[in-house]
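Novice: Predicted model, plus sequence, below.
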Amino acid sequence: MTNEKFCRLLEKLMDNDMSALKAVYEEYFQMMRYTALGITKDDGDAYDVATNVILKLRNYPSDPRAVRNHVGLLISMTKHEALNLVRRRGFVCPFDDYAEEAAAGDGGGELWMQDILEALTREEREVFTAHVVWGRPLREISRESGIPYRMVVRIYAAVKAKIKQLYSQ
């Protein structure tokens, strides 16, 4: 979706047009959910965060035409909402259920997104989510995060190495 189309949808959302809500949901919900999952470590919480962010777009406080990077806006809103949720719940990590399933052999030997995100550091999760889930180039991630490009490349190389290690286990 182009930035211009997103801005038009945002204007419609602010006017309570539910067709715009559906379009934003269909286009961005899963990416927002996986961004939140990297922070909350719980699929249910990630779902709630993504839903809350989409609903908050209805009350967007600024001029929708002033949005220059709608993907960056959604990432920022999702990260802030997820961090607020984690702070409110007291940093509880609900991965015990997943660990029990894996130990029981219910996972079928497949590598799930939760397994990948659990193995990564916060910085690695952010680069992984921005690049793999949101499809943003590493140079753009470097520019927006203020991390030197070579460092972002090293972080992403470390992410790939960790994923390969998880698959080989």
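Specialist: In hand now; what should we look at? Residues are numbered from 1 along each chain as shown.
Novice: tell me the SS of G135?
Specialist: coil (DSSP: H, G, I helix; E, B strand; the rest coil).
Novice: What of P61?
Specialist: Judged by three-state DSSP, the three-state class of P61 is coil.
Novice: and if you look at the one 10 residues further on?
Specialist: Assigned by three-state DSSP, the conformation of V71 is helix.
Novice: That one touches W134, doesn't it?
Specialist: Yes - judged on C-beta atoms under 8 Å, V71 makes contact with W134 at a distance of 6.1 Å. C-beta coordinates here come from the backbone N, C-alpha and C atoms, glycine included.
Novice: Under the pLDDT cut-off, which ranges of this structure? List them.
Specialist: For the chain, residues meeting the criterion pLDDT under 70 lie at 90-111, 169.
Novice: and it, what are its domains?
Specialist: 3-89, 101-168 (automatic domain parsing).
Novice: Show the backbone phi and psi for P61.
Specialist: phi -80, psi -20 (degrees, to the nearest 10).
Novice: Could you pull up the residues touching T35?
Specialist: Each residue near T35 by C-beta atoms under 8 Å, 6 or more residues apart in numbering is listed here: A50, I75, T78, K79, A82, T129, V133, W134.
Novice: And the contacts of the helix or strand where the fourth one lies?
Specialist: Yep, that's K79 we're talking about. Here K79 is covered by helix 70-89, with elements defined by DSSP states H and E. Helix 70-89 has contacts (C-beta under 8 Å, 6+ apart) with 1, 3, 6-7, 10, 28, 31-32, 35-36, 39-40, 45-46, 48-50, 52-53, 56-57, 67, 130, 134, 136, 144.
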